[in-house]
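Colleague: this one's structure only:
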């Protein structure tokens, strides 16, 4: 496979990965929207997915992992700027409270993708799975965009939150 | 499937309330750039003399940076585009990307900077030159390489963009976010008056 389009094959792989005893037919209270992935410059094997996660339910959710078809690895990352110095942290979990929205945005929390197995081209999509602490999973699609500038914003909205992080 | 532009505009609409902020500071006194020797992405030498005679915006980063560097460079391209509405083309500042991870950056640098704007200049080279220019910028970087076989390391680095005057002196520093319209007008004011307000 040399393209990242959400072909039946790649989506099937993601769906298979999402299957678990705890994954029920019930609609997940977690929604993922506006998921986009700016295409990386030529030769660069890292890129990020940005977007919005929202917990429509009445109980907290804990995002514990990411999988993305067509990439060797996908991780929850957070860019942290302290005294003008930028560092990257691997987030092990992100709690999303009832009614809370979490923005994945440049300069903040994002999904980091590494080592694509094929070409990455604007207009195609990346099929992915968000894994939650209760064993459930949510499938999403991120659209690969051009290099258009984006606004920086980070963090949660709607209520206080607690999340675990590790460098 | 959502089309790319619609998806991008959707995210932008969600995030736009934070767009108007410019975090900049004009230095009390211009800070000179000490002599350094580096190499531009086209293979030509690049020294402090290449900062003289025109305005420059300099950002320090690395090509394998997944988040802040492409975000900043894409915004600087948009800032330069906005500035083209405010001044003649020959007055536009050159955009310089100081790539501090030459082992991985050098082979990619030409295609990397041109991905954002064909007018950008990527510079890298020997550690001594990188460190000298970084020091003059009051910048910082650290390769987070965990061992000789680690080829997926991150680089901790400063986020600021330096505005350098035609005398080759830093006159202002800008920090993210870089909202294109507001940042372009901020830089234009500093270039014309030496003041941010």
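Modeller: Done, it's in. As the structure is a prediction and not an experimental result, all values here were calculated from the model. Residues are numbered from 1 along each chain as shown, chains lettered A, B, ... in the order given.
Colleague: quick one: least confident helix or strand in chain B?
Modeller: helix B:4-15 (a mean of 40; mean pLDDT, DSSP states H and E).
Colleague: show the subsequent helix or strand relative to that helix.
Modeller: Using DSSP states H and E, the helix or strand that follows helix B:4-15 in sequence is strand B:22-32.
Colleague: who are the packing partners of that following strand?
Modeller: Judged by 3 or more C-beta pairs under 8 Å, 6 or more residues apart in numbering or on different chains; DSSP states H and E, strand B:22-32 is in contact with strand B:169-178, helix B:180-193. Where you see a C-beta, it was placed from the backbone N, CA and C, and this is true even at glycine.
Colleague: so for the next helix or strand after it, what's the average pLDDT?
Modeller: Toward the C-terminus, strand B:22-32 is succeeded by strand B:37-40 as the next helix or strand (DSSP H and E). Per-residue pLDDT over strand B:37-40 has a mean of 98.
Colleague: circling back to that earlier point, need the helices and strands packed on strand B:22-32 in JSON lines (columns: distance to residue A:104, mean pLDDT and mean neighbour count).
Modeller: Shown next, in JSON lines, are the helices and strands packed on strand B:22-32 (distance: least, C-beta to C-beta, whole Å; pLDDT from 0 to 100; neighbours: other C-beta atoms under 10 Å in any protein chain shown):
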{"stretch": "strand B:169-178", "distance to residue A:104": "15", "mean pLDDT": "95", "mean neighbour count": "22"}
{"stretch": "helix B:180-193", "distance to residue A:104": "21", "mean pLDDT": "96", "mean neighbour count": "18"}
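Colleague: to chain A, which of these lies closest?
Modeller: strand B:169-178 (3.8 Å; C-beta to the nearest C-beta).
Colleague: packing partners for the closest one?
Modeller: strand B:22-32, helix B:68-83, strand B:161-164, helix B:180-193.
Colleague: can you do 10 Å?
Modeller: Contacts defined by 3 or more C-beta pairs under 10 Å, 6 or more residues apart in numbering or on different chains; DSSP states H and E place strand B:169-178 against strand A:71-82, strand B:22-32, strand B:56-61, helix B:68-83, strand B:161-164, helix B:180-193.
Colleague: just the element for the nearest residue to residue A:29 once chain neighbours are set aside, please.
Modeller: Distances taken as C-beta to C-beta, 6 or more residues apart in numbering or on different chains place residue A:57 nearest to residue A:29, at 2.9 Å, with adjacent residues excluded. Using DSSP H and E, residue A:57 falls within no helix or strand.
Colleague: which ones are touching residue A:57?
Modeller: Shown in contact with residue A:57 (C-beta atoms under 10 Å, 6 or more residues apart in numbering or on different chains): A:27-30, A:96-99.
Colleague: what about the residues you listed, which one has the most neighbours?
Modeller: Neighbour count (other C-beta atoms under 10 Å in any protein chain shown) singles out residue A:96 as the most crowded of the contacts of residue A:57, with 24 neighbours.
Colleague: any idea how far the residue nearest the centre of chain A is from residue B:127?
Modeller: Central residue of chain A (C-alpha atoms, centre = their mean): residue A:111, 4.2 Å from the mean position. For residue A:111, the distance to residue B:127 (C-beta to C-beta, to the nearest Å) stands at 33 Å.
Colleague: what of residue A:34?
Modeller: 41 Å.
Colleague: what does residue B:71 give?
Modeller: 26 Å.
Colleague: again with residue A:38
Modeller: 30 Å.
Colleague: neighbour-wise, which of residue B:71 and residue B:127 wins?
Modeller: The neighbour comparison of residue B:71 against residue B:127 (other C-beta under 10 Å) goes to residue B:71, with 28 against 9.
Colleague: surely that one and residue A:47 touch.
Modeller: No. Judged on C-beta atoms under 10 Å, residue B:71 makes no contact with residue A:47 at a distance of 11.6 Å.
Colleague: and the gap between residue B:151 and residue B:58?
Modeller: The spacing between residue B:151 and residue B:58, counted by C-beta to C-beta, is 27 Å.
Colleague: between the two, which is the more surrounded one?
Modeller: residue B:58 (24 against 11).
Colleague: how close does that one sit to residue B:133?
Modeller: Between residue B:58 and residue B:133 the computed distance is 8 Å (C-beta to C-beta).
Colleague: just the helices in chain A please.
Modeller: Using DSSP state H, the helices of chain A run over residues A:8-18.
Colleague: residue at max distance from the center of it?
Modeller: Extreme point of chain A relative to centroid (C-alpha atoms, centre = their mean) is residue A:83; 26.9 Å.
Colleague: quick one, phi psi at that one?
Modeller: For residue A:83, the backbone dihedrals are phi 50, psi 40 (criterion: degrees, to the nearest 10).
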